[in-house]
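Enquirer: Okay, sequence plus prediction incoming.
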Amino acid sequence: MPELIRHSPLTRREWQVLSLIHAGQSNEQIAEHLNVAPTTTKTHIRSLYQKLNITHRNEAVQLARSLLSKIQGE
């Protein structure tokens, strides 16, 4: 597991949600993929936004892209 992920404030589930956001999935698609209620997905998104100090989905996508390039560079 890359160092960046290991020391991240995000939970494993929040990383999953972030990766699905990065893949362009909607909240409903994420909920279906993870087999959880849409409200649970929204809770995960809210939590990861707070932890990453972001407010919009496009910021999450940009951040995920940046983190992915750092991970691949390790």
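Expert: Ah, there it is. Numbers count the residues shown, from 1 in each chain.
Enquirer: need the longest helix for this structure.
Expert: As assigned by DSSP state H, the longest helix anywhere in the chain is helix 57-73.
Enquirer: where does this structure dip in pLDDT?
Expert: Scanning the chain for pLDDT under 70 picks out 1-7, 71-74.
Enquirer: what comes into contact with stretch 20-37?
Expert: Residues outside stretch 20-37 that contact it (CB atoms under 8 Å, 6 or more residues apart in numbering): 13, 16-17, 38, 40-42, 45, 57, 60-61, 64-65, 68. To be clear about C-beta, it is placed using only N, CA and C from the backbone, and glycine gets the same treatment.
Enquirer: can you list these in JSON lines and add neighbour count and distance to Ala23?
Expert: Shown next, in JSON lines, are the contacts of stretch 20-37 (neighbours: other CB atoms under 10 Å; distance: CB to CB, whole Å):
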{"residue": "Arg13", "neighbour count": "15", "distance to Ala23": "15"}
{"residue": "Gln16", "neighbour count": "15", "distance to Ala23": "11"}
{"residue": "Val17", "neighbour count": "28", "distance to Ala23": "11"}
{"residue": "Pro38", "neighbour count": "14", "distance to Ala23": "17"}
{"residue": "Thr40", "neighbour count": "15", "distance to Ala23": "18"}
{"residue": "Thr41", "neighbour count": "24", "distance to Ala23": "14"}
{"residue": "Lys42", "neighbour count": "14", "distance to Ala23": "18"}
{"residue": "Ile45", "neighbour count": "19", "distance to Ala23": "14"}
{"residue": "Arg57", "neighbour count": "14", "distance to Ala23": "12"}
{"residue": "Ala60", "neighbour count": "19", "distance to Ala23": "11"}
{"residue": "Val61", "neighbour count": "16", "distance to Ala23": "9"}
{"residue": "Ala64", "neighbour count": "18", "distance to Ala23": "9"}
{"residue": "Arg65", "neighbour count": "11", "distance to Ala23": "11"}
{"residue": "Leu68", "neighbour count": "14", "distance to Ala23": "11"}
